[in-house]
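Colleague: I need the structure of the sequence given here:
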Amino acid sequence: MKDAHAFVRTPIDELYQWFGAEAEPTSPTWGRLCAWIAETPAIADRLDALPGQARQPNRFLAAIRYLDGPTEPGPDFLAWVERNWPTIEEIVLTRNTQTNEPGRCTVLAPLLASLPQPIALLELGTSGGLCLLADRYRYAYTGAVELTAAPAAAPADAPTFPCVTDDPLPADPAGLVIAARHGLDRNPLEVADPDVRRWLRALVWPGEQDREGRLAAALDAAASDPAPTTRADLTEDPAGLLRRHLDALRAQAPDATPVVLHSAALAYLERDDRDAVVDAIRAGGAHWLSFEGPTVITELRPAVDALPPGPYTPHFIVALDGVVRARAQSHGRWVHWLDADAR
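Modeller: Numbering: from 1, shown residues only. Prediction:
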């Protein structure tokens with residue numbers, strides 16, 4: 001995943017070439033369309049004129065799905081964009097990605113379960129709060145580990161998230177217990193709202209119907225018992241913000257292990273703001289669980305650059321307390337846990 005700087009400054013053809021390559025393995029439809037957009041000035045010029053992070057390809061692509069537009073490149077697609085550009089532009093300018101992918105919990109849950117239980121969880125960039133509910137999902141691991149795991153809070157009809165792993169898990173997610181949870185977001189989403197659900201499902205790439213189905217089930221689970229969230233801007237006094245909410249969680253669950261979590265969230269901040277948030281997490285005294293692109297967290301860059309090569313692209317980096325623990329597919333479809341020597 002590129003960061004806030006890249007969306008603002010990278011030429012639009014390069015952005016769509018990059019995103020097409022990222023999407024191609026699971027969404028050939030987006031791979032084809034992005035490659036065509038990169039080579040078609042009639043549409044690329046419109047997208048290049050968008051301001052700031054509105055140039056992020058996934059916003060435009062999600063707008064297409066949200067409006068039930070065509071997804072095959074060519075003259076018909078170009079004509080549809082030209083007819084509908086005012087509506088498309090409004091969506092791109094007023095919506096955020098906020099993908100809120102619950103499949104990431106296949107990677108997050110084993111690390112949370114490896115800490116002393118129960119957990120008091122504070123999530124930054126929580127969107128609709130789906131990743132705060134890691135104890136309410138079921139997990140099916142294949143590969144080096146054949147394991148189906150269900151935490152005690154997961155009902156029998158909970159969505160089951162699959163993950164391929166080539167190494168043992170840090171802990172069995174069945175042992176995860178979350179005693180208290182809270183989310184912070186600049187624009188927290190109400191997942192019971194049909195329009196919010198429609199937008200979040202539009203962010204799923206074509207060809208990933210399995211992922212969209214699990215997202216819909218997670219949205220149902222969240223709507224029936226939502227995690228508490230607070231509207232907050234992480235760039236405004238992050239140290240005070242985290243201190244207040246960690247103190248509230250500690251008061252709510254004094255025997256729980258406090259953890260600050262963020263996944264695909266800090267990339268949307270400028271580098272200085274990201275570093276300030278990391279400093280605030282460090283100062284808060286809680287465990288720190290991060291799931292971000294390889295270049296997002298400044299202090300992890302040396303460790304990431306030193307990792308042995310492998311067929312692990314595109315991927316995110318998973319770290320616990322500033323120690324790199326795994327490479328993982330951005331939506332939790334696979335994870336490569338790193339051994340102690342590599343860490």
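Colleague: So Leu163 sits against Ala140, correct?
Modeller: You called it Leu, but residue 163 is Cys. Yes - the pair Cys163 / Ala140 is scored as a contact, 7.3 Å apart, by CB atoms under 8 Å. Where you see a C-beta, it was placed from the backbone N, CA and C, and this is true even at glycine.
Colleague: okay, those two: which has more neighbours?
Modeller: Regarding Cys163 and Ala140, a neighbour count based on other CB atoms under 10 Å identifies Cys163 as having more, with 26 against 15.
Colleague: in this protein, which spans are helices?
Modeller: 4-9, 12-23, 28-38, 41-48, 57-66, 75-94, 105-113, 194-202, 209-224, 238-252, 271-284, 301-305 (DSSP state H).
Colleague: and Gly183, which of these is closest to it?
Modeller: Distance to Gly183, taken as CB to CB, is lowest for helix 238-252 among the helices of the chain, at 9.4 Å.
Colleague: For the closest one, which outside residues touch it?
Modeller: Helix 238-252 has contacts (CB atoms under 8 Å, 6 or more residues apart in numbering) with 120-122, 179-182, 184, 230, 232, 234, 256, 258, 260, 273, 276-277, 279-281, 283-286.
Colleague: domains of this structure?
Modeller: The chain is divided into the following domains under automatic domain parsing: 4-94, 102-337.
Colleague: and the ones you listed as TSV, adding mean pLDDT?
Modeller: As requested, these are arranged in TSV below (pLDDT from 0 to 100):
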stretch	mean pLDDT
domain 4-94	94
domain 102-337	95
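Colleague: Tell me which of the ones you listed is the most buried.
Modeller: Among the domains of the chain, domain 102-337 has the highest mean neighbour count (mean count of other CB atoms under 10 Å), at a mean of 19.
Colleague: coming back round to it: adding distance to Thr126, write the helices of the chain out as JSON lines.
Modeller: Putting the helices of the chain into JSON lines (distance: least, CB to CB, whole Å) gives the following:
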{"stretch": "helix 4-9", "distance to Thr126": "18"}
{"stretch": "helix 12-23", "distance to Thr126": "24"}
{"stretch": "helix 28-38", "distance to Thr126": "26"}
{"stretch": "helix 41-48", "distance to Thr126": "29"}
{"stretch": "helix 57-66", "distance to Thr126": "19"}
{"stretch": "helix 75-94", "distance to Thr126": "20"}
{"stretch": "helix 105-113", "distance to Thr126": "13"}
{"stretch": "helix 194-202", "distance to Thr126": "13"}
{"stretch": "helix 209-224", "distance to Thr126": "11"}
{"stretch": "helix 238-252", "distance to Thr126": "11"}
{"stretch": "helix 271-284", "distance to Thr126": "14"}
{"stretch": "helix 301-305", "distance to Thr126": "25"}
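Colleague: Out of the ones you listed, which gets nearest to Arg136?
Modeller: Of the helices of the chain, nearest to Arg136 by CB to CB is helix 209-224, at 5.8 Å.
Colleague: Who are the packing partners of that closest one?
Modeller: Judged by 3 or more CB pairs under 8 Å, 6 or more residues apart in numbering; DSSP states H and E, the packing partners of helix 209-224 are helix 194-202.
Colleague: quick one, the helix it packs on and helix 75-94 angle?
Modeller: Orientation check (axes from the mean of the first three to the mean of the last three CA atoms, to 10 degrees): helix 194-202 against helix 75-94 gives 120 degrees.
Colleague: Contacts for helix 194-202, please.
Modeller: Taking CB under 8 Å, 6+ apart as the rule, helix 194-202 contacts 62-63, 65-66, 95, 98-100, 127-128, 189-191, 212, 215-216, 219.
Colleague: redo that, cut-off 7 Å
Modeller: 62, 65-66, 95, 100, 128, 189-191, 212, 215-216, 219 (CB atoms under 7 Å, 6 or more residues apart in numbering).
Colleague: Kindly report the same for stretch 308-326.
Modeller: 22, 107, 111, 287-294, 299-300, 303-304, 327-330, 335-338, 342-343.
Colleague: May I ask which two of the contacts of helix 194-202 are separated the most?
Modeller: Across the contacts of helix 194-202, the longest distance by CB to CB is 20.4 Å; it joins Arg65 and Glu190.
Colleague: Tell me which of the contacts of stretch 308-326 fall in strands.
Modeller: His287, Trp288, Leu289, Ser290, Phe291, Glu292, Arg327, Ala328, Val335, His336, Trp337 (DSSP state E).
Colleague: Quick check: the gap between the residue of the chain positioned farthest from its centre and Ile12.
Modeller: What lies farthest from the middle of the chain is Pro75; by CA atoms, centre = their mean that is 33.4 Å. Counting by CB to CB, to the nearest Å, the gap between Pro75 and Ile12 amounts to 20 Å.
Colleague: now do Leu269
Modeller: 22 Å.
Colleague: want to throw the contacts of helix 194-202 into a markdown table with distance to Pro116?
Modeller: Below are those laid out as a markdown table (distance: CB to CB, whole Å):
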| residue | distance to Pro116 |
| --- | --- |
| Ala62 | 39 |
| Arg65 | 42 |
| Tyr66 | 43 |
| Arg95 | 39 |
| Asn100 | 27 |
| Gly128 | 28 |
| Leu189 | 31 |
| Glu190 | 33 |
| Val191 | 30 |
| Glu212 | 36 |
| Leu215 | 31 |
| Ala216 | 34 |
| Leu219 | 31 |
